[in-house]
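In: With the input below, show me the fold.
(2 chains)
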There are 2 protein chains.
Amino acid sequence: MTHPDIPFTPLVNSLPASTPFVGPETLERMRGSAFDLRLGANESPFGVSPKAAAAMQAETPRIAWYGDPENYDLRKRLSEIHGVAMDEICVGAGIDTMLGVIVRMIVPQRAPVVTSQGAYPTFNYQVAGYSGRLEMVPYVDDHEDPDSLIAAAKAHSAPLMYISNPDNPMGTWHGADKIDEMIKQVPAGTLLVLDEAYIEFAPEGTAPAIDTSNPRVIRMRTFSKAYGMAGARIGYAIGHRDLITGLNKIRNHFEVNRLAQVGALAALDDDAFIASVLDELARGKADIAEMAAAHGMTALPSATNFVAVDVGGPDKAKAILERLGEKGVFIRMPGVAPLNRCIRISVGTAAERSAFRTAFDSVLAELVAA
Amino acid sequence: MTHPDIPFTPLVNSLPASTPFVGPETLERMRGSAFDLRLGANESPFGVSPKAAAAMQAETPRIAWYGDPENYDLRKRLSEIHGVAMDEICVGAGIDTMLGVIVRMIVPQRAPVVTSQGAYPTFNYQVAGYSGRLEMVPYVDDHEDPDSLIAAAKAHSAPLMYISNPDNPMGTWHGADKIDEMIKQVPAGTLLVLDEAYIEFAPEGTAPAIDTSNPRVIRMRTFSKAYGMAGARIGYAIGHRDLITGLNKIRNHFEVNRLAQVGALAALDDDAFIASVLDELARGKADIAEMAAAHGMTALPSATNFVAVDVGGPDKAKAILERLGEKGVFIRMPGVAPLNRCIRISVGTAAERSAFRTAFDSVLAELVAA
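Out: Residues are numbered from 1 along each chain as shown, chains lettered A, B, ... in the order given. The predicted structure follows:
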């Protein structure tokens, strides 16, 4: 029973004390020791560009200064890279934070918001936290389904809808043509959040051309994945300048860490590092596919830095996850059927993949024996 | 005219495209060159503890990992320092961000929120951004006035009220007895935000004893000021566990930068550094008081890391501010009468104070000659 003197809004009173993800550190505290392998949060095992690390370390003595609230230098470089104007970009403290700002600026109380059943939980957390009403459509063949998302947005007159491409947690993706077709169908009065957190990992032809003249879509990008800066908390939105103005009306302007700003800027100019990450990642995905096949399982094709492996059913997936946890291996699995017949393995370094293979083989042997 | 296809909420449509503070980098871009002296944002000129800097630099290679969403290690240390339970502390990405979360969890649409005319603008920005209606009371003798704040909270049945102690932008403060008396008068159904961003600079006997059994007050602390980590974006709230649970229901759990987490933890264990900061700060305030007196002006007593100097009137304050800006010196001044007869000077290093004195003397000589 909450203390009766506290004037929480009715919404906050109604919300559960839940988090979208239990962090690996929490799990470690629960099990009483650190994980040997941290392959559950799609963090980059290849770390950050040495140029970015050096920039952050060099900036540390100036941490007493607030970061530039306009994120000017970073937006300038991003505008060159993406061929858009600076006022068509907003930099924020990671996509999670920015999803909250987007929901806040678009979703009136109890308005419908469309997403896929099993898609990114933090988007759902933000929608619930601003009193939106989630309307979910199922995945189709382990893909988020643009057609049913659009149909639901129209049916519910939803002001906001969400798709991630490539998708998390399945790693699947649609080509640019399909996404472009989806964008064309977004009705007036609906904003599509196109979450491209994993886009750097996807094949050529996955990202549609950026068209900031279209006010019905906002694109989300991050330095957390390919750039290996999840702990820095920095990402950005690209969209029509009126959308960006909306974000600027309500966002916390002084929210981005100063080291994150310089690190992100330096990271953008280390293409060689990103290329090496992608190379090693391709080897890693092949390793996981080979491991899955050796156990008669299917690794789903992935355009991300993780691989969903279909282990045959939710009970088996859960058992594998738990036994791996006991052995000091942190991975995750999708939360809802039918996606939850899979486990989701973030690609590690070669050494981590080898150690994972040992643990995985051992867990499967135990489960067969049990 | 905003694009008509974008389904902004009525609130966002009604908000101006304004920011609570124009950052110094923006001003530098406007003037075409960097400031020589950055003494306008109450950033610490003494930087960060070497222990904290070393901790952040050492952690940089792990920036690919998200920070612990529970901020466990930091909350544990803070709970020891403050003698409260861990679940009576919430760590967030700076007080500005946390003020937003507090407003969001307490203030229904168009509800009254009480603060002082001329007090912290970012609180007002967050209130407006969540559709609260500001009810302001005047400062009394350059102090925020607990009595009129309480009276206004009662008169308006305000669910939320704000005071900073010590105060920004005037640097004045009340003793713990006065604040304790205020806290006792907070009515049921009102939450008092007691912003103690500058508390480390205040004399003994300024901070009331922390009493987390009282659900009507939430205390805000930061690593941005005394700890010299403004660019890191990390602060915390202390309060009744039900208040902290409310924050945890809606905050972005993955918002704090990983380096900020380790830096803050290390900073807490460098008392010698903080002592040296306070020593030098005392010398700095004496320097500014001496400078003001030499010009027949009054430096207000300050329990912060800045000094408000009464220059005799708003026009003169504005003229000094602008001329200093032209000379490459960044300071700020309060935004409203009667506070705006002052300029606000962040205390610099000895060298910065000396350079400021030169610029200030020169500006005043010019103004006399004009």
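
In: Residue A:358: how many residues sit nearby?
Out: Other residues lying near residue A:358 total 12 when counted by other CB atoms under 10 Å in any protein chain shown. To be clear about C-beta, it is placed using only N, CA and C from the backbone, and glycine gets the same treatment.

In: mind checking how far it is from residue B:271?
Out: Residue A:358 sits 47 Å away from residue B:271, going by CB to CB, to the nearest Å.

In: cool, and residue A:11?
Out: From residue A:11 to residue B:271 the distance is 42 Å (CB to CB).

In: Of these two, which one has the most company?
Out: Comparing residue A:11 with residue B:271 by other CB under 10 Å, the one with more neighbours is residue A:11, at 18 against 9.

In: Return the residues in contact with the more buried one.
Out: When contacts are counted by CB atoms under 8 Å, 6 or more residues apart in numbering or on different chains, residue A:11 touches A:109, A:129, A:131.

In: again, 10 Å this time
Out: The contact partners of residue A:11, taken as CB atoms under 10 Å, 6 or more residues apart in numbering or on different chains, are A:109-110, A:128-131, B:104-105, B:108, B:249-250.

In: among the residues you listed, who's most crowded?
Out: Counting neighbours by other CB under 10 Å, the top entry in the contacts of residue A:11 is residue B:105, with 25 neighbours.

In: So that one sits against residue B:193, correct?
Out: No - with contact defined as CB atoms under 10 Å, residue B:105 and residue B:193 do not form a contacting pair (11.5 Å).

In: quick one: common contacting residues for those two?
Out: residue B:160.

In: helix, strand or coil for residue A:283?
Out: helix (DSSP: H, G, I helix; E, B strand; the rest coil).

In: Run a quick neighbour tally on it.
Out: With neighbours defined by other CB under 10 Å, the count for residue A:283 comes to 11.

In: That one and residue A:267: what is the separation?
Out: Per CB to CB, residue A:283 is found 22 Å from residue A:267.

In: In contact with the nearest residue to residue A:246 once chain neighbours are set aside: list those residues for me.
Out: Residue nearest to residue A:246 in three dimensions, not counting chain neighbours: residue A:105, with 4.8 Å by CB to CB, 6 or more residues apart in numbering or on different chains. Each residue near residue A:105 by CB under 10 Å, 6+ apart is listed here: A:130, A:160, A:191, A:243, A:246-247, A:249-251, B:6-9, B:11-13, B:15, B:129.

In: Recalculate using a threshold of 8 Å.
Out: Taking CB under 8 Å, 6+ apart, one finds A:246-247, A:249-250, B:8-9, B:12 in contact with residue A:105.

In: The residues you listed: which two are farthest apart?
Out: Spanning the widest gap among the contacts of residue A:105 are A:247 and B:9, at 12.8 Å by CB to CB.

In: right, and residue A:219 touches residue A:243 too?
Out: No - Residue A:219 lies out of contact with residue A:243 (CB atoms under 8 Å); the separation is 10.1 Å.

In: For residue A:292, I want the exact helix or strand it lies within.
Out: Per DSSP states H and E, residue A:292 falls inside helix A:271-294.

In: Do any residues in that helix lie close to chain B?
Out: No - using CB under 8 Å from any CB of the partner chain, helix A:271-294 stays clear of chain B, with a minimum separation of 10.4 Å.

In: and that helix, which residues are buried?
Out: Under the neighbour-count criterion of 16 or more other CB atoms under 10 Å in any protein chain shown, helix A:271-294 has A:273-274, A:277, A:280-281, A:284-285, A:287-289, A:291-292 buried.

In: so how far is that helix off the chain centroid?
Out: Helix A:271-294 has its average C-alpha position 19 Å from the chain's average C-alpha position, going by CA atoms, centre = their mean, to the nearest Å.

In: Good, wrapping up.
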